[in-house]
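1. what follows is a predicted protein model with its sequence.
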Amino acid sequence: MKLVILGGGGFRVPLVHSALLDPSSPITSLVLHDVDAGRLAAISRVLQAQAASAGHGPSRFATTDLTEALTGADFVFSAIRVRGLPGRVIDEKVALGLGVLGQETTGAGGVSYGLRTVPVADAIARRIAAVAPQAWVINFTNPAGLVTEAMAAHLGDRVIGICDSPSAMARRVVRALGLPPSAPVGYAGLNHLGWLSSVMSDGVDVLPSLWDSPDDDVLLSFEEGRLFGPARLRALRAVPNEYLHYYYDTASCVRAEQAAPETRGEFLLRRQSACYADIASGDPLAAWTSALRERDATYMALEGLDRSAADEGGGYERVALDLMRALASDAPASLILNVRNRGVLDIVDSDAVVEVPCMVTSDGPVPVAGVSVPSHGVPLVQRVKATERAVLEAAASGSRAVAVRAMASHPLVDSVPLARALIDAYRAEFPELAYLR
């Protein structure tokens with residue numbers, strides 16, 4: 001089976017390739033597509049070294065021609081970044097300069113990222129529908145839920161959004177409860193905005209045992225417990241996705257980012273630029289592995305999250321492999337995915353892309369009934385979904401006024417004058433936003 005990776009020169013592509021070296025992978029042919037031939041060449045060197053070390057792997061081909069890449073695809077993995085890491089830096093610094101959160105997918109930066117990415121994702125979805133209508137599209141392009149919803153307008157249920165945060169959190173909590181990894185969990189929300197509200201064992205929800213115990217040790221044994229604190233988790237009676245830290249502790253996050261010597265985007269740009277140079281001139285696999293370890297160890301360091309200990313089970317590349325394996329075979333898999341709601345959550349409409357547990361077969365993913373967003377999270381989910389819908393409307397209409405509405409409606413902006421200033425500042429920095437008039 002043929003897998004096409006859009007954004008094939010991206011730094012994290014070797015993670016996906018490493019998953020494809022698993023004997024259970026259904027992928028026999030891998031095509032890398034990118035608009036940057038230099039990055040494609042560098043990442044191709046890393047993949048070649050990975051395959052040589054493993055002694056096997058899918059055939060590989062790299063191209064800058066989108067139609068050539070997509071033709072005959074069984075799976076398309078979309079991981080593009082419009083304007084690259086320099087764009088992320090702009091997203092962060094414009095927001096921080098106006099006193100609001102500088103984060104790439106949440107708040108002002110996420111709205112900017114969405115406004116310049118949705119038109120590109122829309123064009124890609126149209127091309128896929130034309131030349132590879134049979135392909136399953138796995139979207140990892142951020143903001144993942146928003147971009148998946150944009151692509152679904154052309155691809156329907158054949159586009160599926162993935163994120164590793166929910167599944168990684170579920171693994172950590174299940175492990176803290178002393179249960180096997182297969183324990184069913186209840187998780188619901190939007191991408192980067194969800195809550196784990198149940199863990200089942202022998203038909204009984206055992207998650208309340210965490211809140212009812214006076215002992216903090218178990219709560220502090222997993223990352224979210226340390227990030228949010230035992231008192232807050234007991235008050236919420238749910239485990240929030242790590243990105244909710246930006247909503248619950250906004251002021252402290254802004255202060256930490258403004259005080260930092262560089263933004264996260266600046267760190268990644270500096271480190272990954274050096275990595276690509278090292279790949280070209282030295283041992284490609286060693287250079288990439290060293291940069292990856294540094295990237296992972298410093299993830300959310302400003303927010304006080306210690307990622308020095310790796311989480312077992314793999315990240316988004318493992319989610320992608322599990323998803324492709326289920327779609328390509330008769331072996332079903334239970335995965336937390338971004339899919340159209342289809343009435344599972346009654347707080348948003350049926351076509352809204354939500355992040356919920358799904359049962360995946362060769363017919364595609366089906367959201368699992370019975371999950372719900374905790375009552376305290378409902379207004380936040382509805383408001384952020386309204387922001388996403390306004391971004392889609394702005395991208396379709398080219399209306400600056402609608403883009404301002406999208407920015408102002410986000411709870412981390414919440415101001416029309418500030419939204420106008422943000423949109424104007426982003427338009428001045430990004431030629432990709434010139435369509436907003």
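-> In hand now; what should we look at? These numbers were taken from a predicted model, which means no experiment stands behind them.
2. check contacts around the nearest residue to Gly8 once chain neighbours are set aside.
-> Nearest residue to Gly8, sequence neighbours excluded (C-beta to C-beta, 6 or more residues apart in numbering): Leu32, at 2.8 Å. Yep, even glycine has a C-beta here, placed from its N, CA and C like the rest. Neighbour list for Leu32: 4-5, 8-9, 13, 40, 43-44, 47, 60-63, 69 [criterion: C-beta atoms under 8 Å, 6 or more residues apart in numbering].
3. please repeat the previous calculation with a cut-off of 7 Å.
-> Shown in contact with Leu32 (C-beta atoms under 7 Å, 6 or more residues apart in numbering): 5, 8-9, 13, 40, 43-44, 62.
4. how far away is His376 from Phe140?
-> His376 is 29 Å from Phe140, where distance means C-beta to C-beta, to the nearest Å.
5. more crowded one of these two?
-> Taking other C-beta atoms under 10 Å, His376 and Phe140 do not tie; Phe140 has more neighbours (26 against 12).
6. list the residues that contact that one.
-> Counting by C-beta under 7 Å, 6+ apart, Phe140 makes contact with 77-79, 162, 316.
7. inside helices: which ones of those residues?
-> Of the contacts of Phe140, the ones assigned to helices by DSSP state H are Tyr316.
8. pull out the buried positions in the helix or strand containing the residue nearest to Gly8.
-> When elements are assigned from DSSP states H and E, Leu32 belongs to strand 29-33. For strand 29-33, burial by neighbour count (16 or more other C-beta atoms under 10 Å) applies to 30-33.
9. can you pull out the strands in the stretch 151-300 of the chain?
-> Counting by DSSP state E, counting those that start in this stretch, the stretch 151-300 of the chain has strands at residues 159-161, 185-190, 193-201, 204-205, 239-240.
10. out of these, which is closest to Ala130?
-> Closest approach to Ala130 among those (C-beta to C-beta): strand 159-161, 14.6 Å.
11. what mean pLDDT does the closest one have?
-> The average pLDDT within strand 159-161 is 98.
12. now that strand, how far from the chain's geometric center?
-> 11 Å (C-alpha atoms, centre = their mean, to the nearest Å).
13. which other helices and strands contact that strand?
-> strand 136-139, helix 144-155, strand 333-340 (3 or more C-beta pairs under 7 Å, 6 or more residues apart in numbering; DSSP states H and E).
14. out of those, nearest to Ala326?
-> Checking the helices and strands packed on strand 159-161 against Ala326 by C-beta to C-beta gives strand 333-340 as the closest, at 3.9 Å.
15. can you give me the buried ones in the closest one?
-> 333-340.
16. out of the helices and strands packed on strand 159-161, flag the one nearest Ala390.
-> Ala390 lies closest, by C-beta to C-beta, to one member of the helices and strands packed on strand 159-161: helix 144-155, at 10.4 Å.
17. show me how far that closest one is from its chain's centre.
-> Per C-alpha atoms, centre = their mean, the centroid offset for helix 144-155 relative to its chain is 13 Å.
18. distance between the ends of stretch 49-62?
-> Stretch 49-62 has an end-to-end distance of 15 Å (C-alpha to C-alpha, to the nearest Å).
19. give me the contacts around that stretch.
-> Applying C-beta under 7 Å, 6+ apart, the contact partners of stretch 49-62 are 8, 14, 17-18, 20-21, 27-32, 40, 44, 47, 284-285.
20. what's the burial count for Val416?
-> Close neighbours of Val416, defined as other C-beta under 10 Å, add up to 13.
21. quick one, what contacts the spatially closest residue to Gly315 that is not a sequence neighbour?
-> Excluding the flanking residues, the one nearest Gly315 by C-beta to C-beta, 6+ apart is Asp164, at 4.2 Å. Going by C-beta under 7 Å, 6+ apart, Asp164 touches 315-316, 319.
22. so which of those residues wins on neighbours?
-> Within those, most neighbours by other C-beta under 10 Å means Val319, with 24 neighbours.
23. coming back round to it: how near is the residue nearest to Gly315 to Gly364?
-> Distance from Asp164 to Gly364, counting by C-beta to C-beta: 20 Å.
24. quick one: the strands in the stretch 1-150 of the chain, in order.
-> 2-6, 29-33, 59-63, 75-78, 136-139.
25. can I get the ones you listed in JSON lines including distance to Val118 and mean pLDDT?
-> Putting those into JSON lines (distance: least, C-beta to C-beta, whole Å; pLDDT from 0 to 100) gives the following:
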{"stretch": "strand 2-6", "distance to Val118": "15", "mean pLDDT": "98"}
{"stretch": "strand 29-33", "distance to Val118": "19", "mean pLDDT": "98"}
{"stretch": "strand 59-63", "distance to Val118": "24", "mean pLDDT": "97"}
{"stretch": "strand 75-78", "distance to Val118": "13", "mean pLDDT": "98"}
{"stretch": "strand 136-139", "distance to Val118": "12", "mean pLDDT": "98"}
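26. tabulate these (CSV), appending distance to Ala395.
-> Formatted as CSV, the strands of the stretch 1-150 of the chain follow (distance: least, C-beta to C-beta, whole Å):
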stretch, distance to Ala395
strand 2-6, 18
strand 29-33, 22
strand 59-63, 27
strand 75-78, 16
strand 136-139, 16
